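Novice: when you get a sec, could you give me coordinates for this:
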Amino acid sequence: MNFKRIFVRFLSISVLGFAVTAAVTYLYNLIAHGAGVVDWGTALRTAIILGIVLTFTVERKATK
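Specialist: Sure thing, here's the model as predicted:
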């Protein structure tokens, strides 16, 4: 297990998850409430969770 490869994968998945979640919460608040506000807490939590879970899943699949 290469730590650098795992860290880069975690970081890339987290950044992508953060961007998508921020966009989705912005659009949801814009459509539902009429105010374009990003829920940063939700975006950060989702990004970290996706980063951990998907990195773990991909690394387990690669070692089999």
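Novice: list the buried residues for the longest helix that the chain contains?
Specialist: The helix of greatest length in the chain, counted in residues with DSSP state H as the criterion, is given as helix 3-33. For helix 3-33, a neighbour-count test (16 or more other C-beta atoms under 10 Å) marks 9-10, 13-14, 17-18, 21-22, 25-26 as buried. No exception for glycine: its C-beta is placed from N, CA and C like everyone else's.
Novice: surely Ile52 is in contact with Phe10?
Specialist: Yes: counting by C-beta atoms under 8 Å, Phe10 is a contact partner of Ile52 at 7.1 Å.
Novice: got the contact list for Asp39?
Specialist: 25, 29 (C-beta atoms under 8 Å, 6 or more residues apart in numbering).
Novice: nope, Gly36 is what I was after
Specialist: By C-beta under 8 Å, 6+ apart, the contact set of Gly36 is 26, 29-30.
Novice: and if you look at Leu30?
Specialist: Counting by C-beta under 8 Å, 6+ apart, the residues that Leu30 touches are Gly36.
Novice: ok, it to Val20 distance?
Specialist: In this view, Leu30 and Val20 are 16 Å apart by C-beta to C-beta, to the nearest Å.
Novice: for Thr42, same thing?
Specialist: Separation of Thr42 from Val20 (C-beta to C-beta): 12 Å.
Novice: likewise for Lys64?
Specialist: To Val20, Lys64 is 28 Å away according to C-beta to C-beta.
Novice: same deal with Ile31?
Specialist: Counting by C-beta to C-beta, the gap from Ile31 to Val20 is 16 Å.
Novice: in stretch 53-64, what counts as buried?
Specialist: Neighbour count says stretch 53-64 has 54-55 buried, by 16+ other C-beta under 10 Å.
Novice: so what touches it?
Specialist: Contacts of stretch 53-64 with the rest of the structure, by C-beta under 8 Å, 6+ apart, involve 1, 6, 9-10, 13.
Novice: run the chain-centre distance for it.
Specialist: For stretch 53-64, the distance between its averaged C-alpha position and the chain's averaged C-alpha position is 16 Å (C-alpha atoms, centre = their mean, to the nearest Å).
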